[in-house]
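**Q** This is a predicted model, with the sequence first.
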Amino acid sequence: MIRLFSKLCKCFKQISFENEINIFDKYIESFNADDLICPYCGSKHALTPFASYRRHLVTYNNNETNDNIITIYRYICSSCGHTHAILPSIIIPYSSFSFKFVVYIIHDYLVGKFNSVEAMCKHYGIAISSFYRLLKKFKEHKKLWLGLLEDKLTSSLDFIQNLKNYTFTEIETFIINFFKQNGLSCFQGKDFQETS
């Protein structure tokens, strides 16, 4: 997979993190395949369109959950033959939930916005077991990001509150740095695997 970050896309000078579908559309409209490098072999200017597939992207806007169908484009490297999905930063690999969706549901859980986990999951349209998987992944990734000592000193609520209040640029920087530091995307459920 190739993670698309706005640093590659010139249209992201001033963008809010309000509507992730608009962000996704702008990523796809503005990226240039000639700027991409094959993550498998490192070849430049070797990626060409190969295929596409549709998938769900569950977003959270205006206190409402939306299940969107988006198209993910795959490119093939002419040097090594590997194919790669183009994934903007708002998409969590191997998950139908957007980054913002996960941040908001974990925040609402930590502040006790709902009377019960069941009520919260009903509001967000998510299975209770799926929520607990996201919460577990959040705790693991918080520890990865902060380190053991800082993890103990920083409450989960403070950490998620900071993420929730970040601008789009700050979120993007966090996602990029998390990926560079750990070799996987924040909230990614599966371990990173190369696809062929």
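**A** Good, I have the coordinates.
**Q** Burial check on residue 39, number of neighbours?
**A** 13 (other Cβ atoms under 10 Å). Heads up, the C-betas are built off the backbone N, CA and C, glycines and all.
**Q** My guess is it contacts residue 86. True?
**A** No. Look at residue 39 against residue 86 with Cβ atoms under 8 Å: they stay out of range, at 11.3 Å.
**Q** Return the set of buried residues in stretch 130-140.
**A** Of all the residues in stretch 130-140, those buried under the rule 16 or more other Cβ atoms under 10 Å are 130, 131, 134, 135, 137, 138.
**Q** Over to stretch 149-157?
**A** Using 16+ other Cβ under 10 Å as the test for burial, stretch 149-157 gives 151, 156.
**Q** start to end distance for that stretch?
**A** Stretch 149-157 has an end-to-end distance of 16 Å (Cα to Cα, to the nearest Å).
**Q** per-residue confidence averaged over it?
**A** Averaged over stretch 149-157, pLDDT sits at 85.
**Q** ok now it, how far from the chain's centre?
**A** Between the centre of stretch 149-157 and the centre of its chain there are 22 Å (Cα atoms, centre = their mean, to the nearest Å).
**Q** And stretch 85-97, by the same measure?
**A** With Cα atoms, centre = their mean, you get 5 Å for stretch 85-97.
**Q** buried ones in that stretch?
**A** Buried residues in stretch 85-97 (16+ other Cβ under 10 Å): 85, 86, 87, 88, 89, 90, 91, 92, 93, 95, 97.
**Q** hey, C-alpha coordinates of it in PDB?
**A** Output of stretch 85-97 as PDB, limited to C-alpha atoms (Å, rounded to 0.1, in the frame of the first residue of the first chain):
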ATOM      1  CA  ALA A  85      -3.500   0.500  -3.100                       C
ATOM      2  CA  ILE A  86      -3.400   4.300  -2.800                       C
ATOM      3  CA  LEU A  87      -4.600   5.200   0.700                       C
ATOM      4  CA  PRO A  88      -5.000   8.800   1.900                       C
ATOM      5  CA  SER A  89      -4.100   9.400   5.500                       C
ATOM      6  CA  ILE A  90      -7.800   9.600   6.700                       C
ATOM      7  CA  ILE A  91      -8.100   5.900   5.800                       C
ATOM      8  CA  ILE A  92      -7.000   3.300   8.400                       C
ATOM      9  CA  PRO A  93      -5.600   0.300   6.500                       C
ATOM     10  CA  TYR A  94      -7.700  -2.900   7.000                       C
ATOM     11  CA  SER A  95     -10.500  -0.900   8.700                       C
ATOM     12  CA  SER A  96     -13.700   0.600   7.400                       C
ATOM     13  CA  PHE A  97     -13.600   3.300  10.100                       C
END
